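Enquirer: fold the following and give me the result.
(chains A and B)
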Amino acid sequence: MRFVPLNAPSPVRSALVTLAALTAALLICAVIFTLAGQSPAEVYGTMLRGTLGDSTGLGEVGRRTIPLLLIGAGLALALRAQFFNIGAEGQLLLGAVFAAGTALFVPLPGPVLPVAVFVAGFVGGALWALIAAALRRVNVNEILSTLMLNYVAVALVTYLIAGPWKGRDVRGYIYTDTFPVSANLPTLGGSQVHWPTLLLGVAAALGLQWVLSRSTFGYALRVVGENPGAARYAGLSGGRVTLLVALITGGAAGLAGAGEVAGIHHRLLEAGQISLGYGFTAVIVAWLARGNPALCLITAPLMGVILAGGDILKIDLNLPFRVVDVFSGVILLCLIASEVFIRHRVQWGRQ
Amino acid sequence: MDNVLTEALMRALAVGTPLLLACLGAILNERAGVVNLGAEGLMAVGALAAFAVAASSPDANLWLAVGASMLAGAALALLHAAATITLRANQFVSGLALALIGTGAAGLLGKRFEGLPLFNKVADLSLGGFTISPFTVAALLLAGAMAFWLGATRPGLALRSVGENPAAADVLGVNVGLIRVLAVLGGGALAGLAGAFLSLSYRSSWADNMTAGQGWIAVALVIFVGWRPLRAIAGALFFGFLYYLQFRLQGNSPVPTEVFSAMPFVLVLVVLALAGVRGQAGNAPAALGRAYVRGER
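Expert: Next comes the predicted model:
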């Protein structure tokens, strides 16, 4: 088997290969479900019925889509700059921490407070990502550094909610007091879809697409990502691009964290309850969109179905929530393994 | 006093054993030029496979259980080999996918083993009043053997050449693809063995997420020890000692527990930054992380 490079890979070929990769991933997952003693048809059927079958399910999908869209759009940008940020999970948590700190301890008048909460969330996430960007300057691989920072962020949240920020009237539980009512975000009737954050996500997807394809910074970013040598030759600073990309992706993840605590939980609580691994799932959202922030408008709801479906499987079929990791991992592997087929055609036999 | 020190050393060795095994595995495939960040997932499936075999009957064969863990690790690593060597996918991202698949599949398939007791655990050896797991002894011997094998034997040289300059190795008739695949499988088997230590000896039980980030630390350790098997012993001992301190100081110190649970990860960052500043990345195999395509530079 040999790979022959194609001159101009077509978008149609790209779409078809992506679809084939998704199909292969679902088949591999089916094999794993069979090994776990579950009928794949029942698993997939239960997931689809529970998520897309009624308005409650759709609301759950919507709720999961919000952080995936925000983080995914940012990560799509990072992907194009070849900055592999795997730490969106930690950046989301830091955003939640900064947002909760603002909501709990900064006395601000009603309408200003939600805005301040979002700003604080952005700052928290961006700062956490900047650590990784700074470490990359001294040749520390950002995949490792952002991953380590995830664990540190979890410890920080646990420390805060069990220690200095522990609520006054929560007794044995470990979480903070509830936020003042004016910090809470409005939701779409009956669901947990906090629409202000959703709007931010849509704006991020469209805005970052514009930045990527129409702005000077986007051009510099693409050059740095696709050909660092040429970028250096043209005088484009890779370090500056990385720093800005970290700021944007980390900030977007921080916004998602602010949205989760202000829109759904109304308090800071355990890391595992704030995020269901949105940071990792959003990596797949970005890869599925092949680095196009706007395409995350399609791929985020798709992964939202899988996250919401994980909940349904836990309740209906008593499967551990880890199912979601299996889906995420297999889809990611199939996606990156399929990339070669976009840019090459396969020739069988010897030369 | 002497006793306290020896006790600390023995505990650090025990806690550091899975780090050492997984780190040796990662060194094996990185010296051949393939990064595999999936140790966390490989350890998870190894731990589960070993426990599943050992818990199947009260007199289950423990050698079989250990073998199953290595087989499971190698099987998962085969996915990585196919994706990155045959299909030239990004090695870093593929490793991440592997970690997700491994921890996810282990959590899914292992649910029925949660909380089960293990009657037939791997017995500790007694050594001058102290106990030591056979896994620890094996890991130490393996580090020595690997250092010798990589440095002083023909197949070891072939493996290193594939990681340093695959094009030159190819010209000399070395089968680059095959050696890389074998190195990845070997690395997976060793990470699986690290998991078996956790479920058969150290914890002698199975729980979801029992690897708790140790796989990631092992991967980072490779850079810290400069891709050298013997130095990996010191690295694993260092982090083992850190975990030991965490157990000892927890509860009887004014410092919050969370500081201790975050410490290994913070230290990895510090250590990686120091290695970066000192330019240690220069010790990395020259072709690390890049797919080899004949005729392409």
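Enquirer: how about the strands in chain A?
Expert: For chain A, the strands defined by DSSP state E occupy A:2-5, A:344-347.
Enquirer: who does the last one pair up with?
Expert: Using DSSP bridges, the strands paired with strand A:344-347 in its sheet are strand A:2-5 (antiparallel).
Enquirer: how about the residue nearest the centre of chain A, nearest residue that isn't a chain neighbour?
Expert: Closest to where the C-alpha atoms of chain A average out (CA atoms, centre = their mean) is A:A282, at 2.7 Å. Computed as CB to CB, 6 or more residues apart in numbering or on different chains, the closest residue to A:A282 that is not its neighbour in sequence is A:I71, at 3.7 Å. For every residue, glycine as well, the C-beta is placed using N, CA and C.
Enquirer: wait, what's in contact with that neighbour?
Expert: Going by CB atoms under 8 Å, 6 or more residues apart in numbering or on different chains, A:I71 touches A:A88, A:L92, A:T249, A:A252, A:A253, A:A256, A:Y278, A:G279, A:A282, A:V285.
Enquirer: quick one: which of the residues you listed is nearest chain B?
Expert: Nearest to chain B among these, counting by CB to the nearest CB, is A:G279 at 11.6 Å.
Enquirer: neighbours around the closest residue to the closest one other than its chain neighbours, how many?
Expert: The shortest distance from A:G279 to any non-neighbouring residue, by CB to CB, 6+ apart, is to A:E89 (2.9 Å). Per other CB atoms under 10 Å in any protein chain shown, the neighbour tally for A:E89 reads 28.
Enquirer: OK, contacts around A:E89?
Expert: A:N150, A:A153, A:S275, A:G277, A:Y278, A:G279, A:F280.
Enquirer: per-residue pLDDT of A:T18, please?
Expert: Note for A:T18: predicted pLDDT of 91.
Enquirer: isn't it right next to A:L288, touching?
Expert: Yes - look at A:T18 against A:L288 with CB atoms under 8 Å: they come within range, at 6.9 Å.
Enquirer: show me what the helix or strand harbouring B:T131 is packed up against.
Expert: In the assignment (DSSP states H and E), B:T131 maps to strand B:130-132. For strand B:130-132, the elements it packs on are helix B:2-31, judged by 3 or more CB pairs under 8 Å, 6 or more residues apart in numbering or on different chains; DSSP states H and E.
Enquirer: hmm, the helix it packs on touching chain A?
Expert: No - counting by CB under 8 Å from any CB of the partner chain, chain A has no neighbours in helix B:2-31; the shortest distance is 11.8 Å.
Enquirer: average model confidence for the helix or strand following that helix?
Expert: Counting by DSSP H and E, the next helix or strand C-terminal to helix B:2-31 is helix B:39-54. Averaging pLDDT along helix B:39-54 yields 95.
Enquirer: check whether the helix or strand following helix B:39-54 contacts chain A.
Expert: Where DSSP H and E defines the elements, the next helix or strand beyond helix B:39-54 is helix B:62-81. Yes - residues of helix B:62-81 are located near chain A by CB under 8 Å from any CB, namely B:L79.
Enquirer: for helix B:62-81, buried residues please.
Expert: B:62, B:65-77, B:79-81 (16 or more other CB atoms under 10 Å in any protein chain shown).
Enquirer: fine by me, we can end here.
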